[in-house]
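Trainee: Build me a model:
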Amino acid sequence: MTGEEGALAQAFVQFALESGVLRFGQFKTKAGRMSPYFFNAGLFDDGAKLARLAGFYADRLIASGLEFDMIFGPAYKGIPLGATVAAELARRGRNVPFAYNRKEAKDHGEGGTLVGAPLQGRVLIVDDVMSAGTAVRESIAAIRGAGATPHAVAIALDRQEKATENGVDVDHSAVQYVRNQLGMQVVAIATLDDLLQYLSGRADDALSAHRQGVLDYRARYGAG
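Mentor: As a prediction, the model looks like this:
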């Protein structure tokens, strides 16, 4: 990671904390783990926060040099994320088509589960985090089913922790699975390593006190 990317990640962690999106305490994950931190992108819940969030995605995507032809936002959190990122990229002079899916098929009007631009070319999936990778796999199936290429995934935070399959921990994270097994690029604004670095650099005792809990969690469930 370059110094510029590291600075972007640190700024994002601070923004997530200030927005109440990143919190510390005891939180039960979908995998049944007790996590010392929680990241809820649904709390980027006003226009100013969404606009700034889209700016972080755009900065990271541009810095990565990733090439793609359109954006796909998986239901539900990926829909506003993909839309605002597409709008921010267009504002910066890179206008790309955008599409998203419904959870339930519509049986009237245009019908189907896909909305927006036709899926074609190299598709970038935009979402918040990737825990089990289920949403990404569903998106990949929809994209391939439409004859397009699932090319890459952009997420806000890479938790860098072991995925679970059939209720059992596996050695790889969902991000590693998508990269290594599916052959897709994954671009994250920040990672758990960035969060730990942020906590290490704080003079705020209340905040830095959470670092050990996060380190212990990483030692138990970390991957990547």
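Trainee: you'd agree residue 74 is up against residue 102?
Mentor: No: applying Cβ atoms under 8 Å, one finds residue 74 not in contact with residue 102, separated by 10.4 Å. Backbone N, C-alpha and C define where each C-beta goes, glycine included.
Trainee: max-length helix in the chain?
Mentor: For the chain, the helix with the greatest residue count under DSSP state H is helix 47-64.
Trainee: quick one on the thing from earlier: looking only at neighbour counts, state which of residue 74 and residue 102 leads.
Mentor: Neighbours were counted for residue 74 and for residue 102 using other Cβ atoms under 10 Å; residue 74 has more, 25 against 13.
Trainee: give the contact list for residue 82.
Mentor: 71, 72, 73, 98, 100, 126 (Cβ atoms under 8 Å, 6 or more residues apart in numbering).
Trainee: The first one: neighbouring residues, count only.
Mentor: Other residues within reach of residue 71 by the criterion other Cβ under 10 Å amount to 26.
Trainee: and residue 5, what does it touch?
Mentor: Per Cβ under 8 Å, 6+ apart, neighbours of residue 5: 60, 63.
Trainee: Distance check, it against residue 102.
Mentor: Residue 5 sits at a distance of 34 Å from residue 102 (criterion: Cβ to Cβ, to the nearest Å).
Trainee: With residue 130 instead?
Mentor: Residue 130 sits 21 Å away from residue 102, going by Cβ to Cβ.
Trainee: One more: residue 118?
Mentor: Residue 118 sits 16 Å away from residue 102, taking Cβ to Cβ as the criterion.
Trainee: Over to residue 133?
Mentor: With Cβ to Cβ as the criterion, residue 133 and residue 102 are 20 Å apart.
Trainee: Give me the contacts around stretch 19-30.
Mentor: By Cβ under 8 Å, 6+ apart, stretch 19-30 touches 13, 16, 34-41, 43-44, 49, 131-132, 195, 207, 210, 213.
Trainee: List the residues that contact residue 129.
Mentor: Residue 129 makes contact with 39, 41, 155, 156, 157, 158, 159, according to Cβ under 8 Å, 6+ apart.
Trainee: Which strands and helices lie in contact with the helix or strand in which the fifth one is found?
Mentor: Assignment of secondary structure by DSSP states H and E places residue 157 within strand 149-158. Here strand 149-158 is seen to pack against helix 3-18, helix 47-64, strand 122-126, helix 134-145, strand 185-191, helix 192-200 when contacts are counted using 3 or more Cβ pairs under 8 Å, 6 or more residues apart in numbering; DSSP states H and E.
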